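Novice: below: sequence and its predicted model.
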Amino acid sequence: MSISLMMIVAMAAADPPPVPAAVQIIEENNVFVLRSADGAKPLYTFDRDVAGKSTCVDRCAIAWPALLAPAGARAFGGWTIVARADGSSQWAFRGKPVYSFSHDANSKASGDGMGGVWHLLPTTPSK
């Protein structure tokens, strides 16, 4: 029994990971990259956050807007929801609250590694 090239390609391609509606998956260079729902903003975590709690408030939250979760949103997979100090809900990935960076433009991740404490969400190989 022979396997066609088409079957090999289909078997090698991975499914994108499940994500909240506030997140878009974009395939770039054979990896799935997570962006804001409009596809324009890369998504980050903050090392100074503790699991289940956002510490990025006030001026920090202006530069690094939280990825807000709508009322009634439910946790699934690696995604959970944390309560922010202002009472809003924020998506968290693997326990770490998720943010975008206000200075990112054209899907460029200019905040990655900033201050040694901001990091892009992990990517997943697509192939």
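Specialist: On my side now, so go ahead. Residues are numbered from 1 along each chain as shown.
Novice: now do the strands in the chain.
Specialist: Secondary structure of the chain (DSSP state E): strands at 23-28, 31-36, 44-46, 79-83, 89-93, 96-97, 118-120, 124-125.
Novice: residue 71 against residue 89, yeah?
Specialist: Yes: look at residue 71 against residue 89 with Cβ atoms under 8 Å: they come within range, at 7.3 Å. Where C-beta positions appear, they are placed from N, C-alpha and C, glycine not excepted.
Novice: out of the strands of the chain, which one sits most buried?
Specialist: Compared across these, strand 96-97 shows the largest average neighbour count, a mean of 24 (mean count of other Cβ atoms under 10 Å).
Novice: and the contacts of that one?
Specialist: 45, 46, 49, 51, 53, 54, 56, 66, 67, 82, 90, 91 (Cβ atoms under 8 Å, 6 or more residues apart in numbering).
Novice: list the pairing partners of it within its sheet, with orientation.
Specialist: When pairing is defined by DSSP bridges, strand 96-97 lines up against strand 89-93 (antiparallel).
Novice: which residues touch residue 55?
Specialist: So residue 55 contacts 46, 48, 49 (Cβ under 8 Å, 6+ apart).
Novice: I meant residue 19, not that one.
Specialist: Contacts of residue 19 (Cβ under 8 Å, 6+ apart): 25, 34, 79.
Novice: okay, now residue 64: neighbour count?
Specialist: The burial count assigned to residue 64 is 20, neighbours taken as other Cβ atoms under 10 Å.
Novice: looks like it contacts residue 44 (just checking).
Specialist: Yes: between residue 64 and residue 44 there is a contact under Cβ under 8 Å: 7.1 Å.
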